[in-house]
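> fold the following for me, if possible:
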Amino acid sequence: MKKNIAIIMGGYSSEYKISLKSGNVVFNALDKTKYNAYRIHVFKDKWVYVNEKNAESPVDKNDFSILVNGNKIKFNCVFNAIHGSPGEDGFMQGYFKLLNIPHTSCDMYQAAITFNKRDCLSILKPYGIKTAESYFLNLGDPVNENAIIEKVGLPCFVKANKAGSSFGVSKVHKKENLKTAIDVAFKEDDEIIIESFLDGTEVSVGVITYKGEIKVLPITEIVSENDFFDYEAKYLGKSQEITPARLTKEQEEKVNTVAKKVYKVLKMKGFSRSEYIFKNNEPHLLEVNTIPGLTLESILPQQAAKANILLPDLFDNAIEEALK
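Coordinates of the predicted model:
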């Protein structure tokens with residue numbers, strides 16, 4: 001008996017276009033002999049099922065079901081491909097927990113913690129996970145530029161605390177540009193984090209649960225043509241993503257150990273991708289993504305390919321792990 005799989009995509013954030021691409025990659029890659037796959041678009045103004053002809057019909061939010069040709073369809077599992085809110089910050093996870101529907105992402109608390117960069121780094125620091133120096137600001141707080149620079153130095157990064165795909169991120173070289181960068185970040189979120197600049201090799205590490213075991217995928221080195229790994233670098237070809245990364249054996253072992261430790265400490269499930277920069281030969285954690293990009297250009301699928309895991313197998317495994 002084929003299982004009914006809802007692939008949720010879209011979302012409420014600036015990342016919705018990337019999420020739609022990710023969701024369609026999953027939809028096209030899933031084994032149609034094993035699964036009945038349904039594309040579900042989740043937006044603030046509508047939750048809809050989108051059929052093969054791109055016609056829309058509403059989702060019943062009471063039990064997360066749809067009607068297809070007059071037949072009520074319920075789902076055995078949800079494949080979560082929503083980057084940003086509400087798919088990556090715990091809201092959808094809590095909703096599916098209440099409905100007792102398995103899903104491919106981590107649990108609600110883990111999603112909420114990892115989506116909040118400040119909280120995530122604060123939890124991991126006592127476990128010896130190295131991070132950049134940071135300064136926190138909430139919307140409405142007085143901005144003391146001298147205190148910020150004294151804490152984190154220049155250049156520094158100003159980031160929206162709860163946003164992905166490098167939305168709301170600026171690299172600041174001069175004090176006079178700090179206020180503008182803060183305003184940009186506050187357009188994405190009412191909390192921001194300002195971090196010291198780490199000058200070193202940047203890597204992205206995929207960690208997944210694969211066939212019941214925690215597996216660290218081949219590491220990707222990020223070489224941006226821009227000043228940092230911004231939206232253009234991530235999605236518009238303005239970067240080199242080198243897999244496997246050009247690391248020494250010692251560096252590779254260190255970052256693998258740290259990435260696996262982060263996954264375990266946070267009690268993660270499903271996919272994750274964490275970003276690190278090497279400073280003094282030690283990996284410093286930047287952030288953890290629990291719904292990483294799954295487009296053909298995205299890092300985690302590239303890493304899986306290097307590990308000889310094809311997309312249908314990668315996605316099938318995610319569903320099988322969720323159904324356990």
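
> residue 46 versus the closest residue to residue 48 other than its chain neighbours, what's the distance?
Leaving aside its chain neighbours, residue 48 sits nearest to residue 56 (4.1 Å; criterion: Cβ to Cβ, 6 or more residues apart in numbering). C-beta coordinates here come from the backbone N, C-alpha and C atoms, glycine included. Per Cβ to Cβ, to the nearest Å, residue 56 is found 8 Å from residue 46.

> what's the answer for residue 75, then?
For residue 75, the distance to residue 46 (Cβ to Cβ) stands at 18 Å.

> more neighbours, these two?
Taking neighbours as other Cβ atoms under 10 Å, residue 75 and residue 46 compare with residue 75 leading, 24 against 11.

> mind checking the SS state of that one?
For residue 75, the secondary-structure state derived from DSSP: H, G, I helix; E, B strand; the rest coil is coil.

> from residue 17, how far off is it?
24 Å.

> residue 139 now?
26 Å.

> residue 118 now?
Counting by Cβ to Cβ, the gap from residue 118 to residue 17 is 26 Å.

> again, but for residue 4
From residue 4 over to residue 17 (counting by Cβ to Cβ), the distance is 26 Å.

> the two: who's more crowded?
residue 4 (17 against 13).

> do I have it right that that one meets residue 78?
No. Assessed by Cβ atoms under 8 Å, residue 4 is found out of contact with residue 78, at 10.0 Å.

> who touches both of the two?
The contact sets of residue 4 and residue 78 do not overlap (Cβ atoms under 8 Å, 6 or more residues apart in numbering).

> show me the helices in the stretch 201-324 of the chain, by range?
231-235, 249-265, 299-306, 311-323 (DSSP state H, counting those that start in this stretch).

> just the stretch 1-150 of the chain next, same as before
16-29, 91-99, 108-115, 117-124, 145-152.

> quick one, which of the ones you listed is nearest to residue 262?
Closest approach to residue 262 among the helices of the stretch 1-150 of the chain is made by helix 117-124 (6.3 Å; Cβ to Cβ).

> name the residues of that closest one that are buried.
117, 120-121, 123-124 (16 or more other Cβ atoms under 10 Å).

> and the residue most central in space within the chain, how far from residue 101?
Central residue of the chain (Cα atoms, centre = their mean): residue 289, 3.0 Å from the mean position. Distance of residue 289 to residue 101, computed by Cβ to Cβ: 23 Å.

> could you do residue 69 as well?
22 Å.

> which of those two has more neighbours?
Legend: neighbour count by other Cβ under 10 Å for residue 69 and residue 101, higher for residue 101 (17 against 6).

> got the phi and psi for that one?
In terms of degrees, to the nearest 10, the main-chain angles of residue 101 are phi -110, psi 120.

> list the contacts for it?
Contacts for residue 101 (Cβ under 8 Å, 6+ apart) come out as 64, 75, 77-78.

> could you do residue 200 as well?
Counted by Cβ under 8 Å, 6+ apart, residue 200 has contacts 277-279.

> surely residue 294 and residue 80 touch.
No. Residue 294 is beyond contact range of residue 80, at 10.3 Å (criterion: Cβ under 8 Å).
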